[in-house]
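Chemist: The sequence and its predicted three-dimensional model are supplied below.
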Amino acid sequence: MGRALKILFTTSELYPLVKTGGLADVAQGLTEALHELGTDVRLCLPAYRSVLDKLAPPHQLAQFHIEGCRFPVRLLLTRLPGEDLPLYLVDIPEYFDRVGGPYGTAEGDDWPDNPARFAAFCRVCAALAQGRLDPDWQPEVVHSNDWQTALVPALLALEPRRPACVFTIHNLAYQGRFPAETFSRLALPAPLWAPDGLEFYGDLSFIKGGLLFADWLTTVSPTYAQEIQTPQFGYGLDPILRWRRERLVGILNGVDYRQWDPRRDPFIPAHYGPDDLSGKAKDKAALCRQFHLEGDPESPVAAFIGRLVEQKGVDLILDALPTLLEAGLRLVILGTGDAGLEQRVRRAAEAHPGRVAAHLGYSEPLAHLMEAGADLFLMPSRFEPCGLNQIYSLRYGTVPVVHRTGGLADSVVDATEATLAHGSATGFQFHPATPEALIEAVSRALILYPHRQRWQTLMQQGMRQDFSWQRAAAHYLALYRRALGG
């Protein structure tokens, strides 16, 4: 047995302590899987008030000051609840001990001092990575994520000796871009202010620190790794990503099958699996009762779960709705978001009682019931770096209908005559992101649906796919060793 590889995973979110999106799930799922593979992986997270409220009092490792921050800093050490994973907390009460989310107020406004908050966090992570704060531990690899920790590779690049750096882009639309004067106000090292540094069209770009200075870049699906090298998805950073394409790898996110598996899901009335699908009909009946859906119990039910925003393409579903309802489909929607889209969803449910139903908000029990009870899952995202619900749907035998983009393209095999005959089909893809293309894909699904044996084979093929974190972690571990030159 070789020596355990020492990895520091820096993140601004971590499930179940603080979550706004998929980064929190990655931070938990990937690090747990890396730990199971025998690595010495540790996490570093800001000591938000909501995090400290959920933990036993942590141990103080160090108290100190850092450049660019006028407040004292404490580094705390604890463990992730329920797991044997060491967790460092960067405690700067003036920055992190406040009511609201990790990035903004309860009303949804960004904290105006976000640049200072996350620059300070990055400086502490860099010092920890250099072995200056924990006398008993120093990582060989630092894995940073999204703009909030993107300054870590940039700061470490100025060190004569440093760990290997890996940086993951979870969604390039969020870049940490601020006015130029922010750079001086944060007292960042002068050499970093350059076009081949953090300067971006006259502004300060946090994410450039990761894109330019990490040894390897990853993103959350192979297709998204290609897409972000184009002007359409690159948000002005595509020239950098094309320049670094030899160091850019797409690794599809995993999912936690302990939470999402119809064989043991505590939120659904009947359990089932690929070898016995009988429980799914009971879950469908429960879903129809829950949402007061009417009509032939055998007629198909489609589900949509997600933020009601343009990116997720719910407007495509609403534009296609008259045709889909005419074809016999029933629809359930769960989500919240843009006020205009919420109003359109509400009106659709009111106009088609018994055929269209919606819950404007989020409910974990309802999300599980919808995954188990629906026949089809609609995911028409205009772009989707990875996506999770299509992967959950596969495990639940709820056939996904997805726009061919990002992780959706990488996780769903389109049901063509060839893939159906071969037995590799798992769902339906469409392109471009238009109501007409969505209708065409749903129509293909509805043509196949009455052929019960062929439909069940399609369901079972999806249910047997492996998108576990263990699979993804093995790819990351190989990349870490590559970054170390071994």
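Modeler: Cool, got the structure. In this text the structure is predicted, and so the values were computed from the model without any measurement.
Chemist: domain assignment for this protein?
Modeler: The record's domain parsing of the chain by automatic domain parsing lists 6-254+469-483, 278-463.
Chemist: out of these, which comes closest to His271?
Modeler: Relative to His271, the nearest member of these by C-beta to C-beta is domain 278-463, separated by 5.3 Å. C-beta: built from backbone N, CA, C; applies to glycine.
Chemist: What ranges in the stretch 1-150 of the chain fall below the confidence cut-off?
Modeler: Applying pLDDT under 70 to the stretch 1-150 of the chain picks out residues 1-2.
Chemist: what ranges do the strands span in it?
Modeler: 6-10, 40-46, 59-64, 73-79, 86-91, 141-145 (DSSP state E, counting those that start in this stretch).
Chemist: Present the ones you listed as JSON lines; the columns should include distance to Lys19 and mean neighbour count.
Modeler: Below are these laid out as JSON lines (distance: least, C-beta to C-beta, whole Å; neighbours: other C-beta atoms under 10 Å):
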{"stretch": "strand 6-10", "distance to Lys19": "16", "mean neighbour count": "24"}
{"stretch": "strand 40-46", "distance to Lys19": "12", "mean neighbour count": "24"}
{"stretch": "strand 59-64", "distance to Lys19": "25", "mean neighbour count": "13"}
{"stretch": "strand 73-79", "distance to Lys19": "18", "mean neighbour count": "19"}
{"stretch": "strand 86-91", "distance to Lys19": "15", "mean neighbour count": "23"}
{"stretch": "strand 141-145", "distance to Lys19": "13", "mean neighbour count": "28"}
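Chemist: quick one on the thing from earlier: which one of the domains of the chain lies nearest to Arg263?
Modeler: Here domain 278-463 is closest among the domains of the chain (C-beta to C-beta), at 9.1 Å.
Chemist: what's the first-to-last distance across that closest one?
Modeler: 14 Å (C-alpha to C-alpha, to the nearest Å).
Chemist: what mean pLDDT does that domain have?
Modeler: Domain 278-463 shows a mean pLDDT of 96.
Chemist: returning to what we had before: which one, of the strands of the stretch 1-150 of the chain, ends up nearest to Thr105?
Modeler: strand 40-46 (16.1 Å).
Chemist: Mind putting the domains of the chain into a markdown table with distance to Pro269?
Modeler: Below are those laid out as a markdown table (distance: least, C-beta to C-beta, whole Å):
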| stretch | distance to Pro269 |
| --- | --- |
| domain 6-254+469-483 | 25 |
| domain 278-463 | 5 |
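Chemist: Please put the alpha-carbon coordinates of stretch 18-29 into PDB.
Modeler: Listed next in PDB are the C-alpha coordinates belonging to stretch 18-29 (Å, rounded to 0.1, in the frame of the first residue of the first chain):
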ATOM      1  CA  VAL A  18     -24.100  25.200   3.000                       C
ATOM      2  CA  LYS A  19     -25.500  24.900  -0.500                       C
ATOM      3  CA  THR A  20     -26.800  27.000  -3.400                       C
ATOM      4  CA  GLY A  21     -26.000  24.700  -6.200                       C
ATOM      5  CA  GLY A  22     -24.100  21.700  -7.600                       C
ATOM      6  CA  LEU A  23     -20.700  22.700  -6.200                       C
ATOM      7  CA  ALA A  24     -21.900  21.700  -2.700                       C
ATOM      8  CA  ASP A  25     -22.800  18.200  -3.800                       C
ATOM      9  CA  VAL A  26     -19.500  17.900  -5.700                       C
ATOM     10  CA  ALA A  27     -17.500  19.000  -2.600                       C
ATOM     11  CA  GLN A  28     -19.200  16.300  -0.500                       C
ATOM     12  CA  GLY A  29     -19.500  13.500  -3.000                       C
END
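Chemist: Return the residues in contact with the closest residue to Phe233 other than its chain neighbours.
Modeler: In this structure, Phe233 finds its nearest non-sequential neighbour in Glu227, 4.2 Å apart by C-beta to C-beta, 6 or more residues apart in numbering. Going by C-beta atoms under 8 Å, 6 or more residues apart in numbering, Glu227 touches Phe233, Phe383, Thr405, Gly406.
Chemist: Next one: Glu227 from Tyr235, what distance?
Modeler: 11 Å (C-beta to C-beta, to the nearest Å).
Chemist: would you turn the strands of the stretch 1-150 of the chain into JSON lines with distance to Gly313?
Modeler: Shown next, in JSON lines, are the strands of the stretch 1-150 of the chain (distance: least, C-beta to C-beta, whole Å):
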{"stretch": "strand 6-10", "distance to Gly313": "32"}
{"stretch": "strand 40-46", "distance to Gly313": "32"}
{"stretch": "strand 59-64", "distance to Gly313": "46"}
{"stretch": "strand 73-79", "distance to Gly313": "40"}
{"stretch": "strand 86-91", "distance to Gly313": "36"}
{"stretch": "strand 141-145", "distance to Gly313": "25"}
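Chemist: Thr457: which of those is closest?
Modeler: Of these, nearest to Thr457 by C-beta to C-beta is strand 141-145, at 38.5 Å.
Chemist: Partner strands of that closest one and their direction?
Modeler: Sheet pairing for strand 141-145, assigned by DSSP bridges, gives strand 6-10 (parallel), strand 164-169 (parallel).
Chemist: okay, the angle between the first one and strand 40-46?
Modeler: Compare the direction of strand 6-10 with that of strand 40-46 by axes from the mean of the first three to the mean of the last three C-alpha atoms, to 10 degrees and you get 20 degrees.
Chemist: ok, and what's touching strand 6-10?
Modeler: 27, 30-31, 34, 39-44, 122, 125, 128-129, 137-145, 149, 152, 163, 480.
Chemist: Report the distance from that strand to the chain centre.
Modeler: 19 Å (C-alpha atoms, centre = their mean, to the nearest Å).
Chemist: With stretch 364-375 instead?
Modeler: Worked out by C-alpha atoms, centre = their mean, stretch 364-375 lies 19 Å from the chain centre.
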